[in-house]
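Undergrad: My questions concern the predicted model and sequence given below.
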Amino acid sequence: MKFELILAVDSGAGEITNVPLAQMTRPDVSERATLGLSLCESKQLLAQLQHEIVTRNWLRVFCNRQNRLKGAWNMGSRRPTGIG
């Protein structure tokens, strides 16, 4: 059996981006102990998920901050005020 784990990211603007996190193949299992993920596999998946979430959130915050700074400078002020 094959599995593909995909993170669907909704940017809030109605656009959804699918980010593949992992692909795995499981052989036919005959023991209950091997039905799910191993601890190692679980940790790897969680690390990949955390990386995607942190990276996308950081980029969103950084881009918003850059846009605010750019807007403050474009309004004619010599120095941006009230930012950060």
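TA: Sure, I can see it. Source: prediction; values computed, not measured.
Undergrad: Poorly predicted segments of the protein, please.
TA: Filtered on pLDDT under 70, the chain yields the residue ranges 65-84.
Undergrad: What segments of it are helices?
TA: Using DSSP state H, the helices found in the chain span residues 39-74.
Undergrad: can you pull up the bridge partners for V19?
TA: The partner list for V19 in beta bridges (DSSP bridges) reads L7.
Undergrad: Please name the residues that touch it.
TA: Neighbouring residues of V19 by CB atoms under 8 Å, 6 or more residues apart in numbering: 6-9, 52. C-beta: built from backbone N, CA, C; applies to glycine.
Undergrad: ok, 6 Å please
TA: The neighbours of V19, taking CB atoms under 6 Å, 6 or more residues apart in numbering as the test, are 7, 9, 52.
Undergrad: Could you dump those into CSV with neighbour count added?
TA: Formatted as CSV, the entries for those read as follows, by neighbours: other CB atoms under 10 Å:
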residue, neighbour count
L7, 15
V9, 14
E52, 14
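Undergrad: Now tabulate those residues in CSV and tack on distance to L37.
TA: As requested, those are arranged in CSV below (distance: CB to CB, whole Å):
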residue, distance to L37
L7, 16
V9, 22
E52, 18
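Undergrad: Closest one to S30 out of those, please.
TA: Nearest to S30 among those is L7, at 31.3 Å by CB to CB.
Undergrad: Make sure that closest one is actually in contact with A22.
TA: No: the pair L7 / A22 is not scored as a contact, 9.9 Å apart, by CB atoms under 6 Å.
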